[in-house]
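Undergrad: Let's see this in three dimensions:
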Amino acid sequence: MELNKGEVYGDYKAGPMLSKGTMSMTYGGVHTERGSMHALKMMFGADGQLLERLKRGGEAQKSLEHPNLVRVTELTEIETVPTLVMEYVNGTSLDRWLNSPHPLDVCLVVFKGMVEGVGHAHKAGIVHRNLKTEKILLDMSGPLPVAKVNDFMLVKLDDASGGQLTQMGVSFGTPQYMAPEQFRDVSAVDERADLYALGCILY
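TA: Numbers count the residues shown, from 1 in each chain. Purely as a prediction, here's the structure:
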């Protein structure tokens, strides 16, 4: 389903569609009581394991608070569709930003922010496992872009108490950014796979 701009769904008044993927649509939304602006990422056609990944990734992202990470504020449902309520980022994605040339010093500021955000996640025992330019949003509201790492759907947690979702010998991610060991067995990768992906993004 698609949300109608201006209509209220639960606690949120729907705004314009921000992006559309094969299994998700993201809308702007305003909290009806607080007046705060959010991004509402709705997941469609998700099976049981994908829903569990959505929940686990959303909870992991919600637990993190850092200026270079997109904050998840709530896991909810809109019209029975599982939805992540996220910080609204006023800007663009890194892959779109890179369509135009930018000064080296500005690029380094953006990259430094990405490294600091990922480093904060690593200190909390969270490995992203799917870093790429599309997963990085840029807040353009200030004098310099601020990188914000997003979408922890393929997250790996140090705490395995919640059960293992990834079987041994399984490979997933985005090939252009995957470390060699991630092709063999994604369940065994650690923080170094994220560092490899960051190197690919910097290149």
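Undergrad: just checking, what's the longest helix in the protein?
TA: Using DSSP state H, we find that the single longest helix of the chain is helix 104-123.
Undergrad: Average pLDDT for that one, rounded please.
TA: Averaging pLDDT along helix 104-123 gives 97.
Undergrad: Now it: buried residues?
TA: 110-111, 113-115, 117-122 (16 or more other Cβ atoms under 10 Å). Placement of C-beta: from N, CA and C, glycine included.
Undergrad: ok, now stretch 126-146?
TA: So, applying 16+ other Cβ under 10 Å, buried residues of stretch 126-146: 126-139, 145-146.
Undergrad: Export only the CA atoms of it, formatted as PDB.
TA: Once non-C-alpha atoms are left out, stretch 126-146 reads as follows in PDB (Å, rounded to 0.1, in the frame of the first residue of the first chain):
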ATOM      1  CA  ILE A 126      27.600  -4.300  16.100                       C
ATOM      2  CA  VAL A 127      29.000  -5.100  12.700                       C
ATOM      3  CA  HIS A 128      27.000  -3.600   9.700                       C
ATOM      4  CA  ARG A 129      28.000  -6.100   7.000                       C
ATOM      5  CA  ASN A 130      26.400  -4.200   4.100                       C
ATOM      6  CA  LEU A 131      28.100  -0.800   4.000                       C
ATOM      7  CA  LYS A 132      28.000   0.900   0.600                       C
ATOM      8  CA  THR A 133      27.300   4.400  -0.800                       C
ATOM      9  CA  GLU A 134      23.500   3.900  -0.800                       C
ATOM     10  CA  LYS A 135      23.500   3.100   2.900                       C
ATOM     11  CA  ILE A 136      25.100   6.500   3.800                       C
ATOM     12  CA  LEU A 137      22.900   9.600   4.100                       C
ATOM     13  CA  LEU A 138      24.300  13.100   4.100                       C
ATOM     14  CA  ASP A 139      22.700  15.800   6.200                       C
ATOM     15  CA  MET A 140      23.100  19.000   4.100                       C
ATOM     16  CA  SER A 141      21.500  21.400   6.600                       C
ATOM     17  CA  GLY A 142      24.900  22.800   7.800                       C
ATOM     18  CA  PRO A 143      27.900  24.400   6.200                       C
ATOM     19  CA  LEU A 144      29.500  20.900   5.500                       C
ATOM     20  CA  PRO A 145      27.800  17.600   4.800                       C
ATOM     21  CA  VAL A 146      27.400  15.300   7.800                       C
END
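Undergrad: Quick check on the residue nearest the centre of the chain: phi, psi?
TA: Compute the mean C-alpha point of the chain, and by Cα atoms, centre = their mean the closest residue is residue 151, 1.6 Å away. Dihedral pair for residue 151: phi 70, psi 80, per degrees, to the nearest 10.
Undergrad: Could you pull up the residues touching it?
TA: 57, 70, 130, 135 (Cβ atoms under 8 Å, 6 or more residues apart in numbering).
Undergrad: which SS state does the first one fall under?
TA: Spelled out, that is residue 57. With DSSP: H, G, I helix; E, B strand; the rest coil as the basis, residue 57 sits in helix.
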